[in-house]
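In: fold the following.
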Amino acid sequence: MPEHRLGQLLREAEGASETVRAAALLRIARVRAVEDQEDALRIFEQGVEAARSVMSGYGQVLMSLARWVAAAIAPERLDGLAVMGAAMFHAGPDALVGIMLDHGRVAEAVAYVLGSREERMFPFQAVSELMQRCGSDGDRAALLRRDFEAWGKGESGPMREYFVTAFAEYWRALPEAEALEMARAVAGEARPAGPGRVAASYGPNGVTLSLPAAANALFQVFHVLRRLDPALAGELAERHPDLAEAVRRYPDGMESVREERAAGQGRPVGRLTVMLATEAAFQRALESGQASGDFRPAFQEAMELLRRDLSPEDPNPAPKEFWMSTSALRSVAHVAGARLGAGWVERIPNAEVRLLAAVAMEAARAGLPELPVIRFEHHGRERASVAEQAPPEVGFAESHSDSFCGNGIRCPKCGWRPRKRDRWQCECGHSWNTFDTGGVCPGCMREWKDTQCLKCKAWSPHSAWYGEA
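Out: I've put the predicted structure just below:
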């Protein structure tokens, strides 16, 4: 990439507000690393220093961005970039490992996971993806051992389920005695009285089994036990009628599922996108542009979001780095920038948003993937007063007032309300709360248009579950 373009952006960053300057420096460092690692680290350190100088609560959010960029260009720098509180949600181990993988740093990701001692936020989900990407059974065995160690300590709540999924897939990387020990541990934890049921869909045609949580965990390791301890496998099937019914359909558990899936059409994949309602029109326009090649409507929708953020009557008080319109314009740059022509960035009326979009354009030209997104939306009734909501918590806070998924979420057929602890299972083997992601499986990115009620067992369109509060 022409060095003069980055040089011009660096000069513009020096004249920006403190938050935009810090964000621009960090993002420019990632682009510069493609051609000059030493210079990139120099710019990166300037960005970190700028982020640390931001005294408002947004400083912690900027440090999340610093951790993302470190994961992309210099994972060894992560130890010196601590974040606190809610910012850990965005810049925790799962996110960091995912960014390392996106930037081709598989070896660094393996070393990071094996060296992690943070059990409270162990990256169970990212380790599952990492095992797919690493090249040797030796690495997979080491990762499974570390995964099992964290799983055994009982931290990270429902994310622990990712270990069972990963173990079911890669157990052959281990010596048989060790694999048997892990399978027995999973079976030993599966209590018949465990809360809730799991709606598990298996096979290329989405054959559904509604299993108690305990029977579902046993089903995922049944193929391992059948090979290494057939007596225990038979005993468990006799003890759990639901498991017995499942293995009649799939005699070798997840092995049978994989064989049937391989003979079918496979599962659809895509990118998980979680949107606010005000962003939906932009997302539809962007997807339409990807199909048609015409991205002008997407750019217009992004500009409409910017108009809202800049509204004199109701301006967005968050730093521009975290505006929804800035995020939308970055997506335009990554997906469609070159096809919109050289001058589209200049049409952005705000200088700081224009700077951040131009940096995203250079990242796209360098072939870099998009980084994760943190957005603060503050318009109309959605905005809380400053006295009610401090900057670092905006967009992070999660209500813990009860154990239900959210106001208004209920089965359209029987009125049952799902709880946060309830789980649905995709045909890929991943289990999660489907209302956390709008019906999109985080394991394989399949979008489930219909959702089964765990009480009445009826299927309804996923969108129909979101009623009035």
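In: what bits of the stretch 51-200 of the chain have low per-residue confidence?
Out: For the stretch 51-200 of the chain, residues meeting the criterion pLDDT under 70 lie at 83-90, 118-120, 155-158, 191-200.
In: okay, helices next: where are they in the stretch 201-350 of the chain?
Out: 213-228, 230-239, 241-249, 254-263, 280-292, 296-309, 324-336 (DSSP state H, counting those that start in this stretch).
In: among these, which is nearest residue 5?
Out: Between residue 5 and the helices of the stretch 201-350 of the chain, the tightest spacing by CB to CB is seen for helix 324-336, at 13.3 Å. Using the backbone N, CA and C atoms, a C-beta is placed for each residue, glycine as well.
In: what segments of the stretch 101-250 of the chain are strands?
Out: 197-202, 207-212 (DSSP state E, counting those that start in this stretch).
In: rank the helices of the stretch 201-350 of the chain by pLDDT, which is bottom?
Out: In terms of average pLDDT, helix 254-263 trails the rest of these, at a mean of 77.
In: what comes up buried for that one?
Out: By neighbour count on 16 or more other CB atoms under 10 Å, the buried set for helix 254-263 is 254, 255, 256, 257, 258, 260, 261.
In: please apply the same query to stretch 72-79.
Out: By neighbour count on 16+ other CB under 10 Å, the buried set for stretch 72-79 is 72, 73, 74, 75, 77, 78.
In: same check on stretch 11-26?
Out: 12, 13, 16, 18, 19, 20, 21, 22, 23, 24, 25, 26.
In: what is the nearest of these to residue 165?
Out: When those are compared against residue 165 (criterion: CB to CB), the nearest one is residue 26, at 33.7 Å.
In: does the closest one touch residue 47 like I think?
Out: Yes: between residue 26 and residue 47 there is a contact under CB atoms under 8 Å: 3.7 Å.
In: overlap in contacts of those two?
Out: 66, 69 (CB atoms under 8 Å, 6 or more residues apart in numbering).
In: would you agree residue 302 is in contact with residue 324?
Out: No: using CB under 8 Å as the test, residue 302 is too far from residue 324 to be in contact (9.2 Å).
In: average pLDDT for stretch 420-431, rounded please.
Out: Here the average pLDDT along stretch 420-431 is 73.
In: between the two ends of that stretch, how far is it?
Out: For stretch 420-431, the first-to-last residue distance is 13 Å (CA to CA, to the nearest Å).
In: residue 414 touches residue 453, doesn't it?
Out: Yes: judged on CB under 8 Å, residue 414 makes contact with residue 453 at a distance of 6.2 Å.
In: neighbour-wise, which of those two wins?
Out: Neighbour totals were compared for residue 414 and residue 453, and residue 453 leads with 20 against 12 (other CB atoms under 10 Å).
In: okay, now the closest residue to that one other than its chain neighbours: neighbour count?
Out: Distance criterion CB to CB, 6 or more residues apart in numbering; nearest residue to residue 453, sequence neighbours excluded, is residue 411 at 4.1 Å. Residue 411: 21 surrounding residues under other CB under 10 Å.
In: show me how this protein divides into domains.
Out: 1-89, 277-373 (automatic domain parsing).
In: need those in JSON lines (columns: distance to residue 436).
Out: Shown next, in JSON lines, are the domains of the chain (distance: least, CB to CB, whole Å):
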{"stretch": "domain 1-89", "distance to residue 436": "13"}
{"stretch": "domain 277-373", "distance to residue 436": "16"}
